[in-house]
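Colleague: 3D, please:
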Amino acid sequence: MDKKVRGTLGQVHGIPLLECIVKQWTKVENFQASKEDLLIATYPKSGTTWLQEVVDQILNVGDAEKCKRAPTHVRMPFIEMAPTEGVPFDGVSILDTMDPPRVIKTHLPIQLVPQSFWEAGCKVIYMARNPKDTVVSYYHFSRMSMNQPEPGSWQQFLEKFMAAQLGWGSWHDHVKGYWRERHSKRILYVFFEDMKEDPLREVKRIAVFLERQLSESAIDCIVQMTKFSAMRENPMANYSTIPDTVFDRTSSDFMRKGEVGDWKNHFSAEEDAVFENQYHKLMADCPIPIRFTI
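Modeller: Numbering: from 1, shown residues only. Okay, the predicted model is just below:
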C-alpha cells in the first residue's frame, strides 16, 4: 500500500478538478490575459508538452539553446496549477511575474477558461488526441503522479474515464467544446495523430497561425528537436526536474511512449466494444475527425 498522500478531487461548476485547484479557483477565474498571450489547451495526456515545445521552438525560430532556458512549466506556466507538497508552483503567480506575450498552458474545458482570454481576443491552440490512447496515458501518469488520486486498476480507471469522473472531466465534452468554438474564437485545432503522421506539415500550420515566417531549415530543425526521442533526452522538456516524491518514476515514465495505437496493448475486446459504443453515442452530435490509428 502506498503511504504517500495522494491528491483528491473537488468540483468547479460540475467539473472535477484537483482539490488544490478548487481551493484557489477565484485566483484562476480572475486571471487577466493580455491580447498578446497565447493559450495552449488540451485534455490531460493529449500531447501537451509536445505542443508546448513545438510552439516555443517556433517562437524562438528553432534556437535550441533559448528553448533550454528553463523547464517547460516555467517557460509556459500551467495556469490552474496550484502548489502541492514538493511542487511549489502556482501558475497564476508565475504568470503575474511575466510580461506579455506569455504562452500559457491549460487543461480547462472551454467553459472554465478565464473570461479575460476571450475578452482580449487571445489566440488558442487546442490539441486533441484519440480518447483510447489518452486514457491509457492518463492511467500511467496517474500511477506515477502523487498529485493525482489513486488510479486503482486499469479497468477501474477506464470506467472512471468513461463516467467523466477523472480530473478535468469528460474527454468527449472537452474536445467538442473547443471544436464548436473554433471559428467564432481564434482557435487553431490540431490533432496528435496528424502531428505524428506529418510533423513538418503541422509545424508549418502552427507557424502560420502564430504569424511566424520560418525558413525550411528552421522548420526541419524544429521537427528534429521536437521528436519524442529528442524531448525524452531534454531535461528542460522531460519533467525530470520534478522531485521523485511527486513523480514515482518506478511506476511509469513521464514521457512513456508517445505513440498512436498503444491502446491496443491495454483494451480487452470487451472493453473496446463498450468504449466504442459510448464513443459513437456521445460524439454523434459533433463529428470530429478523430483517428485511433495512423
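Colleague: ok, residue 44 - contacts?
Modeller: Contact partners of residue 44, counting by Cβ atoms under 8 Å, 6 or more residues apart in numbering, are 107, 134, 138, 141, 166, 167, 168. For the C-beta atoms, the positions are set from N, CA and C on the backbone; glycine is no exception.
Colleague: Just give me the residue closest to the centre of the chain.
Modeller: Nearest to the mean C-alpha position of the chain, by Cα atoms, centre = their mean, lies residue 48 at 3.4 Å.
Colleague: Just give the nearest non-adjacent residue to that residue, would you?
Modeller: Sequence neighbours aside, residue 42 is the residue nearest to residue 48 in space, at 4.4 Å (criterion: Cβ to Cβ, 6 or more residues apart in numbering).
Colleague: cool, residue 69 as well?
Modeller: residue 75 (6.7 Å).
Colleague: Repeat that for residue 32.
Modeller: In space, residue 32 is closest to residue 116, 5.0 Å off (Cβ to Cβ, 6+ apart).
Colleague: who's in contact with that neighbour?
Modeller: The contact partners of residue 116, by Cβ under 8 Å, 6+ apart, come to 31, 32, 33.
Colleague: separation between it and residue 159?
Modeller: Residue 116 sits 37 Å away from residue 159, going by Cβ to Cβ, to the nearest Å.
Colleague: Show me just the buried residues among the contacts of residue 44.
Modeller: 107, 134, 138, 141, 166, 167, 168 (16 or more other Cβ atoms under 10 Å).
Colleague: now the strands for this structure?
Modeller: Assigned by DSSP state E, the chain shows strands spanning 9-12, 15-18, 38-42, 103-106, 123-128, 187-191.
Colleague: Take those strands and lay them out in JSON lines including mean neighbour count, mean pLDDT and distance to residue 180.
Modeller: Formatted as JSON lines, the strands of the chain follow (neighbours: other Cβ atoms under 10 Å; pLDDT from 0 to 100; distance: least, Cβ to Cβ, whole Å):
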{"stretch": "strand 9-12", "mean neighbour count": "15", "mean pLDDT": "98", "distance to residue 180": "21"}
{"stretch": "strand 15-18", "mean neighbour count": "20", "mean pLDDT": "97", "distance to residue 180": "17"}
{"stretch": "strand 38-42", "mean neighbour count": "24", "mean pLDDT": "98", "distance to residue 180": "14"}
{"stretch": "strand 103-106", "mean neighbour count": "23", "mean pLDDT": "98", "distance to residue 180": "17"}
{"stretch": "strand 123-128", "mean neighbour count": "24", "mean pLDDT": "98", "distance to residue 180": "11"}
{"stretch": "strand 187-191", "mean neighbour count": "19", "mean pLDDT": "98", "distance to residue 180": "10"}
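Colleague: Which of those strands sits closest to residue 65?
Modeller: Smallest distance to residue 65 across the strands of the chain (Cβ to Cβ): 17.8 Å, for strand 103-106.
Colleague: Going by contacts, tell me the helices and strands next to the closest one.
Modeller: Judged by 3 or more Cβ pairs under 8 Å, 6 or more residues apart in numbering; DSSP states H and E, strand 103-106 is in contact with strand 38-42, helix 48-59, helix 91-96.
Colleague: Need the CA coordinates for it. CSV is fine.
Modeller: Only the C-alpha atoms of strand 103-106 are listed here, as CSV (Å, rounded to 0.1, in the frame of the first residue of the first chain):
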residue,chain,number,x,y,z
VAL,A,103,2.5,31.2,-23.6
ILE,A,104,0.1,29.7,-21.1
LYS,A,105,-1.0,26.0,-20.7
THR,A,106,-4.4,24.8,-19.5
